[in-house]
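*Asks:* below: sequence and its predicted model.
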Protein chains: 2
Amino acid sequence: MAPNLPPALSGIEALVFDLMGTCTDWHTSILSAMREHPPPPPLKDADLPSLALDWRTAFFRFIFASFNAGEQAPDIDVVHARTLDELLREKGVSNEVWDTHVREKLVKAWHLQTAWPDSVEGIRRLKERCTVVVLANGTTRLQLDIIRSARLPFDTLFSSQILQATKPDPLIYRKALESLGLRSEQTAMVAAHAYDLRAAAKLGMKTVYIQRRTEDPDEDMKAVREDVDMFIDGAGRGGGLMELADMMGA
Amino acid sequence: MAPNLPPALSGIEALVFDLMGTCTDWHTSILSAMREHPPPPPLKDADLPSLALDWRTAFFRFIFASFNAGEQAPDIDVVHARTLDELLREKGVSNEVWDTHVREKLVKAWHLQTAWPDSVEGIRRLKERCTVVVLANGTTRLQLDIIRSARLPFDTLFSSQILQATKPDPLIYRKALESLGLRSEQTAMVAAHAYDLRAAAKLGMKTVYIQRRTEDPDEDMKAVREDVDMFIDGAGRGGGLMELADMMGA
């Protein structure tokens, strides 16, 4: 037990992690997949980093609209394919350079991601201190592919597919707590997305925000800091989950 | 890829493991918990090893009767408590030495188990080659406690609680395959229990039997050998899952 354990982390038996963006650097992975092909005109190589970010934003917009419409969680591969097509159409990109084959490879690229520099060792250390699990939207197969490629040593994975509910629906957090056999105050949700933590807090879970450069571009960070129990800078090898491990005395 | 990959292991993308008895030596763990207290008369210390085996047999008998009666899977802690009480009553043991507190500790002891000598390193090696998951009856919390105490590095855990079906119901194997996103012939069930492998084979999964000294005392091993795709001796540090890893070229 750390001598100066912050109140938010006292009595925590399990850390419940969001996965993509929180533990992994999808941007570098997707960008490197994009760069395996010539950029599709009129886009230039220099446009690809922001294209990847726009794709992620379009993905979230689609998921939230679908959730607000009360729809069942759609297959993440299908959403990535559809939002990429729309995005390229908006930018006047024809299908000649990035043809069906290339687009399919880019959609598949979301399955293979690299960890942020602090994630693997951070999770390994945290695991010595408490149960560490994933709770994220998507299929179990997507989560398996991501944790295996990023070599993230979680205890187990809870997907929206297996729990049959989608974040930020309170039901998915409740089902995760039931599976963990823990009360909400014995757990902390760890994410780089404010919407996720705000939903977890409503259930009584503690909240740890990891700020990642690729995530929450439209959030007011001052408001986020006020809403969460703990706000951690996710930059650099010693920050993010390593800093959380330091605080947990792990 | 191993040069001499056996046909049964060719094209396997995921190994699906039974947990208790297959990967862990529950007998040593339970026996050591029993020995923390004086033996309850008329039992002597020398009776405890067979008492532990009888408890496991009574547990399986209860679970099968409950499954055959079409009942929902009962809580494993409750079943362990009830079968221990019955067993001690049969043996004429009073509740004076092993009182409620001791019995509760023994029931809880099933949550903390040690791995067989080949399990941790075997799974670590197999994980380099394919997806490795648990598919076992019980709650997710029980599985988390077991894999954390035994330090078994699985990719994820499928419990009967989370899949809402109980082995040997075909539904639980089907749900596991659906979550893995794989066809049955791309997977192998690995277990020290013939009933489990016979059920998995009916779905088209490959089957790997690991013979453990504590499991399947009533099975005819000649019949088991004929029914499974692969039969592995689970004794010793280099057998069991290490031998499977050798065969997979992991």
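*Replies:* Arrived safely. Numbering: from 1, shown residues only, chains lettered A, B, ... in the order given.
*Asks:* close to chain B, is stretch A:168-188?
*Replies:* Yes. Contact of stretch A:168-188 with chain B (Cβ under 8 Å from any Cβ of the partner chain) involves A:179-181. For glycine as for every other residue, the C-beta is placed from the backbone atoms N, C-alpha and C.
*Asks:* you'd agree residue A:18 is up against residue A:199?
*Replies:* No. Contact between residue A:18 and residue A:199 fails when scored by Cβ atoms under 8 Å: they sit 11.0 Å apart.
*Asks:* near chain B, which residues of chain A? Just list them.
*Replies:* A:127, A:131, A:133, A:139-141, A:143-144, A:147-148, A:153-157, A:159, A:161-163, A:179-181.
*Asks:* separation between the residue of chain A most remote from its centre and chain B?
*Replies:* Going by Cα atoms, centre = their mean, the residue of chain A most distant from its centre is residue A:96, 31.8 Å out. Here residue A:96 is placed at a distance of 32 Å from chain B (Cβ to the nearest Cβ, to the nearest Å).
*Asks:* wait, that residue sits on residue A:40?
*Replies:* Yes. At 7.4 Å, residue A:96 and residue A:40 qualify as touching, with contact defined as Cβ under 8 Å.
*Asks:* and residue A:249, how many residues sit next to it?
*Replies:* 14 (other Cβ atoms under 10 Å in any protein chain shown).
*Asks:* quick one: it from residue A:6, how far?
*Replies:* Taking Cβ to Cβ, to the nearest Å as the measure, residue A:249 falls 11 Å from residue A:6.
*Asks:* what segments of chain A are helices?
*Replies:* Counting by DSSP state H, one finds helices in chain A at the ranges A:26-34, A:48-68, A:76-90, A:100-109, A:119-129, A:140-150, A:160-163, A:170-180, A:194-202, A:221-227, A:240-248.
*Asks:* want to try CSV for the ones you listed, with mean neighbour count and mean pLDDT as columns?
*Replies:* Converted to CSV, the helices of chain A look like this (neighbours: other Cβ atoms under 10 Å in any protein chain shown; pLDDT from 0 to 100):
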stretch, mean neighbour count, mean pLDDT
helix A:26-34, 19, 96
helix A:48-68, 16, 92
helix A:76-90, 17, 95
helix A:100-109, 15, 96
helix A:119-129, 20, 98
helix A:140-150, 21, 97
helix A:160-163, 21, 94
helix A:170-180, 20, 98
helix A:194-202, 20, 98
helix A:221-227, 12, 97
helix A:240-248, 22, 97
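*Asks:* dump those into TSV; add distance to residue A:10 as well.
*Replies:* Shown next, in TSV, are the helices of chain A (distance: least, Cβ to Cβ, whole Å):
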stretch	distance to residue A:10
helix A:26-34	32
helix A:48-68	33
helix A:76-90	35
helix A:100-109	40
helix A:119-129	12
helix A:140-150	28
helix A:160-163	27
helix A:170-180	18
helix A:194-202	16
helix A:221-227	20
helix A:240-248	10
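*Asks:* and residue B:215, which of those is closest to it?
*Replies:* helix A:170-180 (26.6 Å; Cβ to Cβ).
*Asks:* hmm, who's touching that closest one?
*Replies:* Helix A:170-180 is contacted by residues A:13-14, A:16, A:131, A:133, A:135, A:158, A:160, A:163-167, A:183-184, A:187, A:189, A:199-200, A:202-203, A:205, B:139-141, B:144, B:159, B:161-162 when judged by Cβ atoms under 8 Å, 6 or more residues apart in numbering or on different chains.
*Asks:* please state the offset of it from the chain centre?
*Replies:* Centroid displacement of helix A:170-180 relative to its chain, using Cα atoms, centre = their mean, to the nearest Å, is 18 Å.
*Asks:* quick one: it to helix B:140-150, angle?
*Replies:* Put simply, helix A:170-180 runs at 50 degrees to helix B:140-150, going by axes from the mean of the first three to the mean of the last three Cα atoms, to 10 degrees.
*Asks:* mind exporting helix A:170-180 as PDB, just the C-alpha atoms?
*Replies:* Provided in PDB are the C-alpha atoms of helix A:170-180 (Å, rounded to 0.1, in the frame of the first residue of the first chain):
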ATOM      1  CA  PRO A 170     -25.300   2.600 -17.300                       C
ATOM      2  CA  LEU A 171     -26.200  -1.100 -18.000                       C
ATOM      3  CA  ILE A 172     -22.700  -2.000 -19.300                       C
ATOM      4  CA  TYR A 173     -21.000  -0.500 -16.200                       C
ATOM      5  CA  ARG A 174     -23.500  -2.400 -13.900                       C
ATOM      6  CA  LYS A 175     -22.900  -5.600 -15.700                       C
ATOM      7  CA  ALA A 176     -19.100  -5.200 -15.400                       C
ATOM      8  CA  LEU A 177     -19.400  -4.500 -11.700                       C
ATOM      9  CA  GLU A 178     -21.600  -7.600 -11.300                       C
ATOM     10  CA  SER A 179     -19.000  -9.700 -13.100                       C
ATOM     11  CA  LEU A 180     -16.200  -8.300 -11.000                       C
END
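*Asks:* so it versus helix A:194-202, what angle?
*Replies:* Going by the same axes, to 10 degrees, helix A:170-180 makes 60 degrees with helix A:194-202.
*Asks:* care to break chain A down by domain?
*Replies:* Domains of chain A are assigned by the TED database as A:7-23+A:116-248, A:27-110.
*Asks:* can you tell me which of the ones you listed is nearest to residue B:65?
*Replies:* domain A:7-23+A:116-248 (25.6 Å).
*Asks:* residues near the closest residue to residue A:237 other than its chain neighbours, how many?
*Replies:* Nearest residue to residue A:237 in three dimensions, chain neighbours excluded: residue A:117, at 4.3 Å (Cβ to Cβ, 6 or more residues apart in numbering or on different chains). Residue A:117 has 18 neighbours, counted by other Cβ under 10 Å.
*Asks:* cool, and residue A:233?
*Replies:* Residue A:233 has 12 nearby residues by other Cβ under 10 Å.
*Asks:* quick one: the nearest residue to it once chain neighbours are set aside from residue A:161, how far?
*Replies:* Among residues not flanking residue A:233 along the chain, residue A:239 sits closest, at 5.0 Å (Cβ to Cβ, 6+ apart). From residue A:239 across to residue A:161, the span is 31 Å (Cβ to Cβ).
*Asks:* likewise for residue A:35?
*Replies:* 31 Å.
*Asks:* check residue A:4 too.
*Replies:* Per Cβ to Cβ, residue A:4 is found 39 Å from residue A:161.
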